[in-house]
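Fold the following for me, if possible:
(one chain, ligands or ions: 1)
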Amino acid sequence: MTPHEAQQLLHDAECVATAERVQAALDRLAGEIGEALSSEMPLVLAVMGGAVVFAGQLLTRLAFPLEFDYLHVTRYRGKTRGGEIEWRVLPGKSVAGRAVLVLDDILDEGETLAAVRAKLLEMGAARVWSAVLTDKANGLVKPVRADFVGLEVPDRYVFGCGMDAYGLWRNLPAIYALSPDAASG
Ligand SMILES: O=P(O)(O)OC[C@H]1O[C@H](OP(=O)(O)OP(=O)(O)O)[C@H](O)[C@@H]1O
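Just a heads-up that it's a prediction; the model follows:
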């Protein structure tokens, strides 16, 4: 894709959550997570790459002791439809016996979070919580629900705030839905 085509993708997209709404959701989420986990000294794990913005912006709002690490798993690989789960990096820190909080940008069909949760429990995590910046209202019975949800997004392919459109635009501070034409590409 050329830079011009990438700009066109954004131009044709619809904003579904402004940067202000995202920041307000982060403030609320941080409060909810603090109430639930402030005495747990959790290991916070970002699911790379989509969680990079969410994790960075949430962590500085959490005012309790925690450890941070990441794991890398992917199943969309720059496309708008998911496939097989591919594990790229397991968490480097031991999760055995730990309270773990998983951070991800989006709960869509729920396959990724379900696989991450199962893997962490298999690795001996004592308890696994999850927080997602967005939960897609797609009407599916998802295999897992998130304990903490920032925003609901419509049943469209969304991007920005860590979420990519064909590998691009993770850097946007607001959330957009791809135009139907672009989403089928
Ligand atoms: O609920 P699901 O349908 O499983 O989809 C959610 C997952 O899909 C995205 O990851 P992706 O595979 O696109 O990799 P990325 O994090 O590098 O964008 C997103 O970051 C979530 O991890």
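
residue of the chain with the smallest distance to the ligand?
In the chain, no residue comes nearer to the ligand than residue 50, which is 2.7 Å away by C-beta to the nearest ligand atom. For the C-beta atoms, the positions are set from N, CA and C on the backbone; glycine is no exception.

Next up, the contacts around that residue.
Applying C-beta atoms under 8 Å, 6 or more residues apart in numbering, we find residue 50 in contact with 104, 105, 106, 162, 163, 164, 170.

rerun that using 7 Å as the cut-off
104, 105, 106, 162, 163 (C-beta atoms under 7 Å, 6 or more residues apart in numbering).

and if you look at residue 144?
Contact analysis of residue 144 by C-beta under 7 Å, 6+ apart lists 110, 113, 114, 117.

So which residues on this protein come close to the ligand?
Within the chain, the positions lying close to the ligand (C-beta under 6 Å from any ligand atom) are 47, 49-50, 74-76, 82, 104-113, 164.

Just the buried residues of these.
47, 49-50, 74-76, 104-113, 164 (16 or more other C-beta atoms under 10 Å).

Please, which helix or strand holds the residue nearest the centre of the chain?
Centroid-nearest residue in the chain: residue 105, 1.5 Å away (criterion: C-alpha atoms, centre = their mean). Following DSSP states H and E, the helix or strand that holds residue 105 is strand 99-107.

Partner strands of that strand and their direction?
Counting by DSSP bridges, the strands paired with strand 99-107 are strand 43-48 (parallel), strand 127-136 (parallel).
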